[in-house]
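[1] My questions are about this predicted structure, shown below with the sequence.
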Amino acid sequence: MIHQYRLGGYNIVIDVCSGAIHVVDEVAYDIISLFESNSKEDILSKIAEKYAGREDISADDISECYNQVCSLKEQGKLFAPDTFASMAGKLKEKTAGVVKALCLHVAHTCNLNCAYCFASQGKYHGDRAIMSFEVGKQAFDYLIKNSGTRRNLEVDFFGGEPLMNFDVVKQLVAYAREIEKEHNKNFRFTLTTNGLLIDDDVIEFANKEMSNVVLSLDGRKEIHDCYRVDYSGKGSWDRIVPKFQQLVEAREGKNYYMRGTFTHRNPDFLNDIKQMLDLGFNELSMEPVVCAQGDPAELTEDDLPIVLDQYEKLAELMLEKNKEGKPFTFYHYMIDLTGGPCIYKRISGCGSGTEYMAVTPWGDLYPCHQFVGDERFRLGDVWTGVTNTEIQDEFAACNVYAHEECKDCWARLYCSGGCAANAYHSTGSVTGVYEYGCKLFKKRMECAIMVEVAKALGTE
Amino acid sequence: MEHIKTIETKNLCESAKNGGCGECQTSCQSACKTSCGIANQQCENTQESK
């Protein structure tokens, strides 16, 4: 299967199953589009007819180009067949019972009252709660015990607002550092925060211990302050931006993400990205809102063309900034064409409910943070492990080939079937697909690949 | 005349041979938390043919 598109002045052809990417001229672009459903004679004659008035394109050129396409096919770099379906469940089968990542909900409470919050202001549709050290310690013991031979283990301190339980976060990190060597593990921590409680102590700790910090900022002040308000209704932008700047400056190159959410209010989110850049941030992420259907924040069909256009303009901006020597990263455009994931990872799905789980403040296990609060998805707890094997089996069986709609999609080996929670919330099944999200994802991949193509050709 | 330039990429078919170590980052455990993809994950397998 191939996918071909024009963007940024390039004719790009993706060979889906080999992963090969080609930049082609217009003749090759047309030949490739005709190749599978036409005979050689038909292709040559159709192309000759189309370019009849062009002195720069001779019959020999067309024939030569046709041969180049055939050669790439023989090399397995064009029209490679999908031979991966039988491997789809293998990785999860091989690693059944192995856990390598936990999202610790250390605080089901928040000092902001964001109307669009998927976690209902941090409470996840339940009561406010914070995680005790004992529960967190048990979560680490559970992770170590069930991590098999995995060395790299990931733990995200999440909420609500995790800094509302900062002492426990510090104690848990100290505990993890104490035990990681004896078990030959390497913990990578992430902290996701709204920034209100950042102070010198937090900055020093985060920059020493956190592999990554995710800082929530929606961009322009008027956009950010529309949703990200405290309980008195006051916007938080003025209070958090200087703290984020201080933290990022002190981070001295370690990873962070300035992470925004865009909604129906700002489908023109590129303006928010520009605001982040103006504030001195250059590791950016901007995510489409996840909210209940019918919520005023929900992105609409009318927003879709605007959002798709913004993604293209964002790619152009990245190339411009590269040229100026002021590069920035955008999470969804970070695609490593030579060193990205292997085919097993690409077909296995996201790992939620199997190698990745969320832990509530009281120690319950859920397939991921987005299922917390929905009792049907409670998998077990950190003391007894997974007991709801029926639900876990559903997630274990969830790979890219389990999604009927993905079978013919060119982007399937870039998204691996997408987000189980988004699928469930839009279709009622974790093996469904969230179509709106797919449209955004495909555009993001086209843009990300175009940016890499421009870099590879040195023509950006 | 060069009609096609092939960009260097990981060969997915080849990656089946030594892939599947499972050491790479869990997809959602990073910035997004809401719109998972795997394209931007890094391979952590030092043994794998690229």
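    Noted; the coordinates are in hand. Numbers count the residues shown, from 1 in each chain, chains lettered A, B, ... in the order given.
[2] distance between stretch A:57-71 and the chain's centre?
    Between the centre of stretch A:57-71 and the centre of its chain there are 39 Å (CA atoms, centre = their mean, to the nearest Å).
[3] ok, that stretch near chain B or not?
    Yes. Residues of stretch A:57-71 are located near chain B by CB under 8 Å from any CB of the partner chain, namely A:D61, A:E64, A:C65, A:Q68, A:V69. For every residue, glycine as well, the C-beta is placed using N, CA and C.
[4] among those residues, who's most crowded?
    Comparing the residues of stretch A:57-71 next to chain B by number of neighbours (other CB atoms under 10 Å in any protein chain shown), A:C65 comes first, having 27 neighbours.
[5] phi, psi of it?
    Note on A:C65: backbone dihedrals following degrees, to the nearest 10 are phi -60, psi -40.
[6] can you check the one 3 residues further on too?
    When quoted as degrees, to the nearest 10, the phi and psi of A:Q68 stand at phi -60, psi -40.
[7] Settle this for me: it is touching B:M1, isn't it.
    No. Between A:Q68 and B:M1 there is no contact under CB atoms under 8 Å: 9.4 Å.
[8] can you put the residues of stretch A:57-71 next to chain B in a markdown table and add pLDDT?
    A markdown table is the format used below for those (pLDDT from 0 to 100):
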| residue | pLDDT |
| --- | --- |
| A:D61 | 94 |
| A:E64 | 96 |
| A:C65 | 97 |
| A:Q68 | 97 |
| A:V69 | 98 |
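[9] Tell me the one of these nearest chain B?
    A:C65 (4.2 Å; CB to the nearest CB).
[10] From A:N38, how far off is the closest one?
    As defined by CB to CB, to the nearest Å, A:C65 lies at a distance of 14 Å from A:N38.
[11] Which residue is the nearest non-sequential neighbour of residue 1?
    I'll assume chain A. A:V16 (4.4 Å; CB to CB, 6 or more residues apart in numbering or on different chains).
[12] Wait, chain B was what I had in mind.
    A:D61 (5.7 Å).
[13] A:A397 too?
    A:G89 (6.9 Å).
[14] The one you found is in contact with A:F395, isn't it?
    No. In this structure, A:G89 is not within contact of A:F395 by CB under 8 Å, at 11.9 Å.
[15] out of these two, which sits in the more crowded spot?
    Neighbour totals were compared for A:G89 and A:F395, and A:F395 leads with 25 against 19 (other CB under 10 Å).
[16] Any part of the host helix or strand of that one near chain B?
    Element membership of A:F395 [criterion: DSSP states H and E] is helix A:389-396. No. Judged by CB under 8 Å from any CB, helix A:389-396 and chain B are separated, with a smallest distance of 12.7 Å.
[17] do the same with stretch A:415-434
    Yes. Residues of stretch A:415-434 contacting chain B under CB under 8 Å from any CB: A:C415, A:S416, A:G418, A:C419, A:N422.
[18] circling back: ok, the residue nearest to A:M1 - contacts?
    Counting by CB atoms under 8 Å, 6 or more residues apart in numbering or on different chains, A:V16 touches A:M1, A:I2, A:H3, A:A80, A:D82, A:W410, A:R412, A:L413.
[19] ok, 10 Å please
    Residues counted as contacts of A:V16 (CB atoms under 10 Å, 6 or more residues apart in numbering or on different chains) are A:1-3, A:79-80, A:82, A:409-414, B:12.
[20] So which of these wins on neighbours?
    Neighbour tally across these (other CB under 10 Å): the maximum, 27 neighbours, falls on A:L413.
[21] so where's chain B shaky on pLDDT?
    B:27, B:29-32, B:34-36, B:46-50 (pLDDT under 70).
[22] And the residue of it closest to chain A?
    Counting by CB to the nearest CB, chain B gets nearest chain A through B:G19, at 2.9 Å.
[23] Just give me the neighbour total for the residue found closest to that residue once you drop the neighbours it is linked to in the chain.
    Distance criterion CB to CB, 6+ apart; nearest residue to B:G19, sequence neighbours excluded, is A:C342 at 2.9 Å. Residues near A:C342, counting by other CB under 10 Å, number 27.
[24] Would you confirm that A:C342 contacts B:L12?
    Yes. In this structure, A:C342 is within contact of B:L12 by CB atoms under 10 Å, at 7.7 Å.
[25] what's the helix or strand where A:A423 lies packed up against?
    For A:A423, the host element (DSSP H and E) is helix A:420-427. Packing contacts for helix A:420-427, counted by 3 or more CB pairs under 10 Å, 6 or more residues apart in numbering or on different chains; DSSP states H and E, involve helix A:389-396, helix A:435-457.
[26] Comparing those, which stretch has the densest surroundings?
    Neighbour counts (mean count of other CB atoms under 10 Å in any protein chain shown) averaged over each of the helices and strands packed on helix A:420-427 peak at helix A:435-457, with a mean of 21.
[27] Quick check: mean pLDDT of that helix?
    Mean pLDDT, computed over helix A:435-457, is 96.
[28] Show me the strands in chain B, by range?
    B:4-7 (DSSP state E).
[29] if I look at A:Q68 and B:M1, which residues touch both of them?
    Going by CB under 10 Å, 6+ apart, residues that sit against A:Q68 and also against B:M1 are A:V27.
[30] Now A:T261. Its backbone dihedrals?
    phi -120, psi 130.
[31] doesn't A:C114 make contact with it?
    Yes. Using CB under 10 Å, A:T261 is in contact with A:C114, at 8.5 Å.
[32] got a list of what the closest residue to chain B within chain A touches?
    Residue of chain A nearest chain B, by CB to the nearest CB: A:C342 (2.9 Å). Counting by CB under 10 Å, 6+ apart, A:C342 touches A:91, A:348, B:10, B:12, B:14-22, B:24, B:41, B:43, B:45, B:48-50.
[33] and A:F187, helix, strand or coil?
    strand (DSSP: H, G, I helix; E, B strand; the rest coil).
[34] so where does the nearest residue to it once chain neighbours are set aside fall, helix or strand?
    Nearest residue to A:F187 in three dimensions, chain neighbours excluded: A:A176, at 4.9 Å (CB to CB, 6+ apart). In this assignment (DSSP H and E), A:A176 forms part of helix A:166-180.
[35] Please put the alpha-carbon coordinates of that helix into CSV.
    Output in CSV follows, covering the C-alpha atoms of helix A:166-180 (Å, rounded to 0.1, in the frame of the first residue of the first chain):
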residue,chain,number,x,y,z
PHE,A,166,4.5,17.2,46.5
ASP,A,167,5.9,15.7,49.8
VAL,A,168,4.7,12.3,48.8
VAL,A,169,6.1,12.7,45.3
LYS,A,170,9.5,13.5,46.8
GLN,A,171,9.3,10.5,49.2
LEU,A,172,8.3,8.2,46.4
VAL,A,173,11.1,9.3,44.1
ALA,A,174,13.6,8.8,47.0
TYR,A,175,12.2,5.3,47.6
ALA,A,176,12.4,4.4,43.9
ARG,A,177,16.0,5.7,43.6
GLU,A,178,16.8,3.5,46.7
ILE,A,179,15.5,0.3,45.1
GLU,A,180,16.3,0.7,41.4
